[in-house]
Structure formats: structure tokens, C-alpha cells
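> Task: produce atomic coordinates for the following.
(chains A and B)
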Protein chains: 2
Amino acid sequence: MENFVFKNDTKIIFGKGSEEKVGEEILKYGTKILLHYGGGSIKKTGLYEKILKSLKEKNIEIYELSGVQPNPVVSLVRKGIKICRENKIEFILAVGGGSVIDSAKAISMGVNYDGDVWDFFEGKAKLENTIPTGVVLTIPAAGSESSVVTVITNEDGLIKRGFHSEKLLPRFAILNPELTFTLPVFQIACGCADILAHTFERYFTQTPNVDLTDRLCEGLMKTVIENSKIAVKNPKNYDAMSQIMWASTIAHNGILGTGRVEDWASHKLGHELSALYGVTHGASLSVMFPAWMKYVYKYNINRFAQFAVRVFNIDSDFNNIEKLAIEGIKKLENHFKEIGLPTRLSELKIPLDKIELMAEKAVIKGPIGNFIKINKEDAIKIYELAK
Amino acid sequence: MENFVFKNDTKIIFGKGSEEKVGEEILKYGTKILLHYGGGSIKKTGLYEKILKSLKEKNIEIYELSGVQPNPVVSLVRKGIKICRENKIEFILAVGGGSVIDSAKAISMGVNYDGDVWDFFEGKAKLENTIPTGVVLTIPAAGSESSVVTVITNEDGLIKRGFHSEKLLPRFAILNPELTFTLPVFQIACGCADILAHTFERYFTQTPNVDLTDRLCEGLMKTVIENSKIAVKNPKNYDAMSQIMWASTIAHNGILGTGRVEDWASHKLGHELSALYGVTHGASLSVMFPAWMKYVYKYNINRFAQFAVRVFNIDSDFNNIEKLAIEGIKKLENHFKEIGLPTRLSELKIPLDKIELMAEKAVIKGPIGNFIKINKEDAIKIYELAK
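Numbers count the residues shown, from 1 in each chain, chains lettered A, B, ... in the order given. Here you go, the predicted structure:
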């Protein structure tokens, strides 16, 4: 087990009707806010009106910026920063999923910074301060509602980059599983892949003696696998969606990674699919993770066998640990298929002649991952395993 | 699953050498501190000198109050409050286990309150503010290092009472497993019982559809059970003690109880053993929990069967769920015995003619627990099951 520092002070407000508390929560931080959201589905569902009611009851002055797309872009972030500066905005409320939250976080970084916000993502600037953010979550997936990360795409060159800081933690996150009831089934499945992927990035480690977080990861994975099967059949199942929603937050609030070296190669390999072809984040992960696993399992077969036995209850052949390991990966692939997710690049209609380009871009800053270090040649082989 | 609000902002600093950061952390809150500790074992181990060095490097002015005993008493708390007021103390550093931390928390409650601190424990006063506290943990057990609770004993009447408030969360908790290496084996075992008990109080619930926290609880319980066996044989095993130490915090930081109605009857039944006979907290729990389980399992046999199957891997007879449930309780009892803990009142030399008195005191404020409501007659029967 490695030394670590862990702190996460996002306040989670979970359950039916919790969005009604949004005005009350914001009032602790200011009265002038930027309301940030996506393509307007929150207007169709009635959530927009509910939030406006709660904000107006507390006399909160609202500026709006909608139009966040999946894989949020830096141009909209710049627009948000401009609005915040011009109107002396005190708080940013993100209503939506990971993309909206990441966009809100990036805006919060730029408001008090003199240069261009992309500087942070290129490692050219140090984040001194942010303005506070809060979340009403509508998509359980990214875990951005209580994570220290934002991932933004720069349209100029289609570069997708992440930035980490404790200062990015939202002040509160409102999680009402009922707000997910209008999600398309495919999006729920993608969300579940994202939650699992966040757990995999931590679980597949070479750090020894991490029994506790191993078992917590395994418990979370089992829960998400079981409940995702229910949710894609009935997206209005409150019980299943509540387990998935709370899991999405815990999978990425940092606690499951304590004391271990995390990996994150698969996310970077997947990011290239999103940056170049706009692939939904979760679908990029359901394709890239099994491929990554097939490529790396030999570097710690026991860990993959443990995954197979403890998460998928496989006990077929303990004389052959490698067989167990492979069966676990196969089970995961089958699970993704069962809930309607792609597991091959061909299903995403990604031209195979672009593999070299994607591999090159994925490792542009140097080798990726920690379970093993992935260089360009490794990346090509992993993309090929995903053909 | 129930609606909930969860926030825990204690900063965890975990690992070898982490106590060297204590001065740096305190400096964020003040330069005049009360150093609060127990019977002086920290002087024998050299920890006292290390902490003094770190504090002096940051020019922190130190007032000391030692002498905290297991089951910390309100008279010492009052003494601490007086020292803090007279010297305008800005921060309280607790160095020790749950008793020292609880005592520090209680002092932090009283400093800015005009009346007597016991008022809070009797529900006669509302906590407006506290002074900040921090922890260097030496005993993994109580989880007080990042909990919202303090439990104090009033010597006048031997009344042990708890108080809850978010304001009690320590600002930081330093967890170095090496600091536990000098603990007697019995104390490690008691700590493990305490950690398990904190998990049981949350796990044994009638709240349905709590899959995620169920599985997280089960993962934590398995980890503590496995590692406690190693630790009592070799208390200097860093790997085992690190799992136990981090589990002690997670078991009581609130996350495992999210969305569920918790119980806490067994703790209250155990408190009477401590208040009247000075029984070590963990030992009171290793006696009272199996007895409570035997009394209540019939009110939700499936939950106890799940415990048996998932935590102790019992799969003997699924045609007889009750048998599974009982076997799980038996396995737990055997585990406590295996790590050297008592499971009967007679082992604690508690006179059986005091059962009625203890039962009466346990329910003095009304029935206890939520799994089922325990009244005086129930309490008597549970104590009798522990004979």
C-alpha cells in the first residue's frame, strides 16, 4: 500500500425531491449565478422549471449558458468565462451529466485567470483559485459531480485533455435518481461502462497489499453489473438507478484509489475515439477496456484471476490461473454486449487505417498507464485487439 | 434506499512518516494549541518527541493536557475547556485513539459555550460552534478521526452518552500504521471488533434496496476479519495494520450508512458494560453483538443469511435459510474467540444480578435500535443471551 492524502468535501444530497434544495444550497456562496446546461433536454423534462423555481424563491439572479455537447469544448468554456467576468458571477450551477459539469469546472478555473484557460490543460499555468460550482446530476456516469478532474476538448487539433485539482471539487451535488428516468437506454449503458471503467483504472494496479480497496472496488463493480442489467430493461426502476447513481459518484470520488497507483491508459486510448470520431465516452471504454485487458493481463495474471473469481464468480479451473483471467475478460465483454454496448472499433465504424494516428496522439506526451507503460507500438496493438 | 445527505471533509494523511506533517497542517488553523493525549505511552514510543519537533519547527505554542482514560470522562473535558479559554487556544491536537479524540471533540464543543459542556449530551443545548481539531491516530478502532460523533462518560452517575454534529469532524487525521506497532494484541483485537461493530450497526438494517452499501460493508468486513487474524499474530505487520487502520476510518466516516436506517442498539447495550464495569469498548461489542444477533435475526432472516454467505462464504444449506443465518452468527463468535476476544459476560466477570440494572439504564431514554425496537424486557433477554 502506498502513502496517500485523501480529502473530498463535496456535499452529496441524494434522493427524491433533492433538486428542490438547490436554491438554499447556492445561497451559501452567492446570489448571482451562471446556470450551465446542455442541449435543452432539461426543459423537456420539466427540471429546468423546478430549478428556476427554487432559485427564484431565494432571489438568485440567473445568467444562462446552454449548449454543452458530449466531449465539451474549450470554445464554449471561453464563452462561459466571458459571461462570468462581465457579470461578476459568484457561482456556477451545472445541470446535466459529466460534460456539463466538466465544462462548468473549466469555466470556474478561467474566471480569475488572466491568460487563456487552455493553458491549464497544457501544463502552462498553475491554478490559483476557482469560483465555486454546484451540480444537479441527470446522468450517472462520469462521477465528475464529486471528482477533482475536468476533461475538455480543444477543437483546434481535436485534442482532449484532463486537468486535476482539489479546487475543482463541486461544493454540492444533488443526486435524484428520478432525474435519470428519461435517459435513453444506450446512455444508461454507457454510463455504467464509465462507472466500471473508473473502477478498473484503480483496481488494475501493481500495488500490492491493497485488500480493503480491492474489496470495495469489487463490491461496487458487482453492484453496477447487476443493476445495469435491470436498468437497461427498465430505466424507470428507482432502486436500480439509485444504486447506479450513488456508485457513479463513489467510483470517482477518490476513495477507491487510495493507497494504489492508478492506471488510466484505457481512458486515454478511448479519448482518441471521442476526439476524432465523437464516440460517446462510455462506448469508447466498452471497446477499449477489454482490448487493454487482453494486452496487459499477462503482466499480473493473479490480479485478473482475482477479478474473474470475485467479480464474476468464475471458479472453473484454479489449476489454470491464466484461463480464469481470460474468462473474466470474456465475461466483461459479454456483459457489455448484454447491456447493448459496442466492444469493437468496427461497431463504431472507425476506419482501421486511423489506428496509427490514434496511437500516436494517445502517447503524444509520452507513454501512458502504470499497470504497464504503453508506448505507441503497444497502443497500436491494443487498438488492433479492438478491431 | 432512503434519501440522505453525506459530507465528510476530514483530510486523511496516510502512511509512513505522515506524522511529520502535523505542524504544517495545524498552521492553517492557528499557532496556539492544546496537545491532548492519554497515559503517556506516546512518550515511551518516541511519538511525543516527533510531534513536538514538527510543532516547534512551525513555532507552534503548545499547552498540554494528558491523562485521557478509556471511556473518557467529562471532568477532564471540563479541565481542557478551562485551559483553552484561559490561554486562547486556537486548535486542539488529539494524539491517541478514540478516547483521546472524543475528549478533544468534547473540549472543542465547550470552549465557546457559556454553560456546562454536559448540556450538549443531555440535549439541553444546541452546538453553535467548535474550535478546530486534528488527530494523530495511534489506535485503529473507533473511527472517531473522521466521524461526527463523540462519546463521553459522566462520572456522576456513570452515564455514557454520545453527541453528533458535522461540526465535530476533525480538520485532518494522520494515519501511520507504524504508530500502532506497540499496541498490545488484545487492544488490536478490540479495535477490530469496534470496526466490525460500526459496520454491523449500518449493515443490519430493514431498509431494502441498498445493494451498493451492502457490498461495500461486506468488503470491509471481510478485509478486517482476514487482516485481524494476521495482526494478532504479528502486530508489526505493516500490510495488515494498514488495511485495518484505513478500514477503521471508512467504517465510521458515514459513507457505509448512506441511504439506510442504522441500528446502534448493540453499542448502547455495550456502553452499559463500560460505564458500570470499565469494560474496553471493543470487548463490550464482541460480547453484545453476537447476543443481539441471536435475539433479532428472526426479524430479517434473509439479511443474516446474506451476511453468512457473503462475509463468511457459508454455503452449507440453502434449503434452510435460518440455518445459514445462525451459522453466520456462530462464525462471527468463533472469529472473535480466535482473535482473543470475550464473547460472554462471564468472561468479563460481570455479575449477572446486574443485568436488570444495565437493561434499565440502556433504555433510559426510551427503546433503542431500529432493526427492531429494543425495550427493557428485550434488553434483559439480550444480556441473558450473553451470559
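
> For the rest of this, base every contact and every neighbour count on C-alpha atoms.
Will do.

> how does chain A divide into domains?
A:11-179, A:185-385 (automatic domain parsing).

> Can you add distance to residue B:270, mean neighbour count and mean pLDDT and give those back as CSV?
CSV is the format used below for these (distance: least, Cα to Cα, whole Å; neighbours: other Cα atoms under 10 Å in any protein chain shown; pLDDT from 0 to 100):
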stretch, distance to residue B:270, mean neighbour count, mean pLDDT
domain A:11-179, 32, 20, 96
domain A:185-385, 27, 21, 97
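
> Just want the angle from the lengthiest strand in chain A to strand B:4-14.
Ranked by residue count and defined by DSSP state E, the top strand of chain A is strand A:4-14. Using axes from the mean of the first three to the mean of the last three Cα atoms, to 10 degrees, one finds that strand A:4-14 and strand B:4-14 are set 180 degrees apart in direction.

> So what touches the strand or helix carrying residue A:380?
In the assignment (DSSP states H and E), residue A:380 maps to helix A:376-385. Helix A:376-385 has contacts (Cα atoms under 8 Å, 6 or more residues apart in numbering or on different chains) with A:269, A:288, A:291-292, A:294-295, A:355-356, A:359-360, A:362-363, A:367.

> Any chance of the domains of chain A in a markdown table with distance to residue B:152 as columns?
Formatted as a markdown table, the entries for these read as follows, by distance: least, Cα to Cα, whole Å:
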| stretch | distance to residue B:152 |
| --- | --- |
| domain A:11-179 | 28 |
| domain A:185-385 | 30 |
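
> which stretch among these comes nearest residue B:75?
For residue B:75, the closest of the domains of chain A is domain A:11-179, at 35.2 Å, according to Cα to Cα.

> Mind checking if the closest one is in reach of chain B?
Yes - Domain A:11-179 is in contact with chain B by Cα under 8 Å from any Cα of the partner chain, via A:11, A:12, A:13, A:14, A:15, A:16.

> Show me how far that domain is from its chain's centre.
For domain A:11-179, the distance between its averaged C-alpha position and the chain's averaged C-alpha position is 15 Å (Cα atoms, centre = their mean, to the nearest Å).

> Between the two ends of it, how far is it?
Distance between the two ends of domain A:11-179: 18 Å, counting by Cα to Cα, to the nearest Å.

> ok, now how distant is residue A:214 from residue A:285?
Distance check for residue A:214 against residue A:285: by Cα to Cα, it reads 21 Å.

> Same check on residue A:327?
19 Å.

> One more: residue A:147?
Note on residue A:147: its distance to residue A:285, by Cα to Cα, is 19 Å.

> ok, now residue A:85?
Residue A:85 sits at a distance of 36 Å from residue A:285 (criterion: Cα to Cα).

> swap in residue A:35?
Residue A:35 sits 30 Å away from residue A:285, going by Cα to Cα.

> try residue A:29
Going from residue A:29 to residue A:285 by Cα to Cα gives 36 Å.

> likewise residue A:191?
According to Cα to Cα, residue A:191 stands 10 Å off from residue A:285.

> any chance you could map the strands in chain A?
Listed in chain order, the strands found in chain A under DSSP E are A:4-14, A:32-37, A:61-65, A:91-96, A:133-137, A:149-154, A:159-164, A:172-175.

> would you turn these into TSV with distance to residue B:65?
Compiled in TSV, the strands of chain A are given as follows (distance: least, Cα to Cα, whole Å):
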stretch	distance to residue B:65
strand A:4-14	28
strand A:32-37	47
strand A:61-65	51
strand A:91-96	43
strand A:133-137	41
strand A:149-154	42
strand A:159-164	41
strand A:172-175	38
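
> Using CSV, list the CA coordinates for the helix ranked longest in chain A.
Scanning chain A for the helix with the most residues, using DSSP state H, yields helix A:211-233. Written as CSV, here are the backbone C-alpha positions of helix A:211-233 (Å, rounded to 0.1, in the frame of the first residue of the first chain):
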residue,chain,number,x,y,z
ASP,A,211,-7.1,-5.7,0.2
LEU,A,212,-9.6,-3.1,1.5
THR,A,213,-9.8,-1.0,-1.6
ASP,A,214,-9.7,-4.2,-3.7
ARG,A,215,-12.8,-5.5,-2.0
LEU,A,216,-14.6,-2.1,-2.1
CYS,A,217,-13.9,-1.9,-5.8
GLU,A,218,-15.2,-5.5,-6.3
GLY,A,219,-18.4,-4.7,-4.3
LEU,A,220,-19.0,-1.6,-6.4
MET,A,221,-18.4,-3.5,-9.7
LYS,A,222,-20.7,-6.3,-8.8
THR,A,223,-23.4,-3.8,-7.9
VAL,A,224,-23.1,-1.9,-11.1
ILE,A,225,-23.1,-5.0,-13.2
GLU,A,226,-26.2,-6.4,-11.5
ASN,A,227,-28.1,-3.2,-11.6
SER,A,228,-27.2,-2.2,-15.1
LYS,A,229,-28.9,-5.3,-16.4
ILE,A,230,-32.1,-4.2,-14.6
ALA,A,231,-31.8,-0.6,-15.7
VAL,A,232,-31.5,-1.2,-19.4
LYS,A,233,-34.7,-3.2,-19.3
